[in-house]
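Enquirer: Take this sequence and fold it.
(one chain, ligands or ions: 2)
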Amino acid sequence: MKVGIIGATGYGGLELIRFLHNHQEVEKIELFTSSEEGAIFSEKFSHLARIVDRPLQKIDDEALKNLDVVFASTPSGVTSSLLLPLLQKGPKLIDLSGDFRLKNLASYEQWYKKTPAPQEAIEQSVYGLSEWNEQQIAEAHLIANPGCYPTAVLLSILPLIKENLIDPSFLVIDAKSGVSGAGNKPSQATHFSETNENFSIYKINEHQHIPEIEQAIAMFANVETKISFNTHLVPMTRGILATSYAAVRSGVTQQQLIECLQAKYAKHPFVRVIEEGSSIGTNRVKGSNYCDIYVQLDERTNRATIVGVIDNLVKGAAGQAIQNMNIQMNLPQTMGLQTVPLFI
Ligand SMILES: NC(=O)C1=CN([C@@H]2O[C@H](COP(=O)(O)OP(=O)(O)OC[C@H]3O[C@@H](n4cnc5c(N)ncnc54)[C@H](OP(=O)(O)O)[C@@H]3O)[C@@H](O)[C@H]2O)C=CC1
Ligand SMILES: CC(=O)N[C@@H](CCC(=O)OP(=O)(O)O)C(=O)O
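Expert: Ligands and ions are numbered 1, 2, ... in the order given. The predicted structure follows:
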């Protein structure tokens, strides 16, 4: 297979290269840039010396059209215009941005404060939550790869909502991310002296992943609900830990909650249901495509604490994108992704 990456110089692009390089079915990776045409990749990123010594190419529809798969790892608001000329043109398209995720155009405009992609393109896109939408992903031409926070949240809560074990009407979700979630562009908020030794909340009640999570709960669990969702920046590079709190239905036990998660993910190699809460944390998934999930019933309050943990750049971005490519190409989902977590 010949694959292309638009936005190869970004964090998501670098992770795509890291995994695609070890993918048995990928024979060529072409790298596209909007700002550094002709630059030798390994001169910019010396950790890739002797691995990726090719020049970056200008984003060019003719070159992109001849590939089997194109990943767009570019900012929301930019990506839709880059991919529109390629719709139905040959390559399978996998977009890591938020541009094709929300089915409601007004909602995209409201939460992203940007111009939405055209309705026809949105209608063609398939939401790529790998463990929940396999059949549609297999047939999709354009995949909207899920956001990083929604991946951690949805994988952990969806089975419990779908099986009616928790009450979805008062879901409170408290999520934390490492700074690489904000991408490689320097900003005040990600400046070392303002993130180091600091722990902050941001986009309070305004995060663009709120409508995405609500849409996916409706799509996969058939429940309309409004969530409380807030995000925090942790002074570390990678990782997301999302904790959700929900009232459990009357009479539901800890055993039922855990068995529900185990049953859903028994045949899904990247989602691990952890039974011991003390062994859950971002270093257990770091650098890997795993999502660890955990649930604990608080019998005193009759509420469940539900935890989802991922590496934002892997299961939250490049890893899930490659998992989706594998599904589209009828390959084993794990191909190229069997990296063991870094842990330390
Ligand atoms: N970081 C994360 O954890 C996650 C990110 N995402 C999403 O994935 C996408 C990529 O994220 P990430 O890699 O972190 O972002 P980065 O900011 O690190 O990289 C984005 C890349 O896009 C290219 N780019 C920037 N502006 C433009 C433009 N106007 N036209 C064309 N290309 C442009 C740049 O490459 P060049 O200058 O070479 O063209 C840049 O390196 C984003 O949409 C992000 O929201 C999704 C899930 C998780
Ligand atoms: C730490 C941090 O800033 N994270 C980013 C995640 C961005 C992302 O994944 O955004 P898309 O929906 O555009 O893909 C944020 O909270 O906005």
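Enquirer: Just the closest residue of the stretch 51-200 of the chain to ligand 2, please.
Expert: Proximity of the stretch 51-200 of the chain to ligand 2 (C-beta to the nearest ligand atom) peaks at residue 181, 3.0 Å away. Any C-beta I mention is one placed from the backbone N, CA and C, and that applies to glycine too.
Enquirer: and that residue, that's in a strand?
Expert: No. Residue 181 sits outside any strand when classified using DSSP: H, G, I helix; E, B strand; the rest coil, being helix.
Enquirer: Report how many residues lie close to it.
Expert: By other C-beta atoms under 10 Å, the residues close to residue 181 number 23.
Enquirer: now it, nearest residue through space, not along the chain?
Expert: Spatial nearest neighbour of residue 181, excluding adjacent residues (C-beta to C-beta, 6 or more residues apart in numbering): residue 312 at 4.7 Å.
Enquirer: got the contact list for stretch 266-286?
Expert: 130-131, 155, 178, 236, 238-241, 258, 261-262, 265, 289-294, 296, 307, 309-311, 314-315, 319, 323, 333-334, 337, 341-344 (C-beta atoms under 8 Å, 6 or more residues apart in numbering).
Enquirer: Quick check: residues of this protein near ligand 1?
Expert: Residues of the chain found near ligand 1 (C-beta under 6 Å from any ligand atom) are 7, 9-13, 33-36, 73-76, 78, 96-97, 147-148, 180-181, 183-185, 312-313, 316-317.
Enquirer: Are we agreed that residue 243 is in a strand?
Expert: Yes. Counting by three-state DSSP, residue 243 is part of a strand.
Enquirer: how close does it sit to residue 271?
Expert: From residue 243 across to residue 271, the span is 17 Å (C-beta to C-beta, to the nearest Å).
Enquirer: Near ligand 2, which residues of the stretch 51-200 of the chain are found?
Expert: Counting by C-beta under 6 Å from any ligand atom, the residues of the stretch 51-200 of the chain close to ligand 2 are 76, 97-98, 147-148, 177, 181-182.
Enquirer: let's see 5 Å
Expert: With the criterion set to C-beta under 5 Å from any ligand atom, the stretch 51-200 of the chain comes near ligand 2 through 76, 98, 147-148, 177, 181-182.
Enquirer: Pick out the most distant pair among these.
Expert: Farthest apart among those by C-beta to C-beta are 76 and 177. That separation is 16.3 Å.
Enquirer: Which parts of the stretch 1-150 of the chain are helices?
Expert: With DSSP state H, counting those that start in this stretch as the criterion, the stretch 1-150 of the chain has helices at 11-20, 41-44, 61-65, 79-83, 105-112, 119-124, 134-139, 148-162.
Enquirer: I'd like those as CSV, with mean pLDDT appended.
Expert: Below are these laid out as CSV (pLDDT from 0 to 100):
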stretch, mean pLDDT
helix 11-20, 98
helix 41-44, 96
helix 61-65, 95
helix 79-83, 95
helix 105-112, 98
helix 119-124, 96
helix 134-139, 98
helix 148-162, 98
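Enquirer: buried ones in stretch 95-108?
Expert: Buried residues in stretch 95-108, counting neighbours by 16 or more other C-beta atoms under 10 Å, are found at 95-103, 107-108.
Enquirer: I'd like the distance between the residue of the chain found nearest ligand 1 and residue 108.
Expert: Nearest residue of the chain to ligand 1 (C-beta to the nearest ligand atom) works out as residue 10 at 1.9 Å. Per C-beta to C-beta, residue 10 is found 21 Å from residue 108.
Enquirer: hang on, isn't residue 148 packed against residue 308?
Expert: No. Counting by C-beta atoms under 8 Å, residue 148 stays clear of residue 308, with 10.9 Å between them.
Enquirer: what do the two both touch?
Expert: With C-beta under 8 Å, 6+ apart, residue 148 and residue 308 have common neighbours residue 240.
Enquirer: who wins for neighbours among the residues of the stretch 51-200 of the chain next to ligand 2?
Expert: residue 148 (28 neighbours).
Enquirer: Pull the contacting residues for it.
Expert: With C-beta under 8 Å, 6+ apart, residue 148 has these contacts: 177, 181, 240, 310, 312-313, 316-317.
Enquirer: what do you get if the cut-off is 6 Å, keeping everything else the same?
Expert: Each residue near residue 148 by C-beta atoms under 6 Å, 6 or more residues apart in numbering is listed here: 181, 240, 312, 316.
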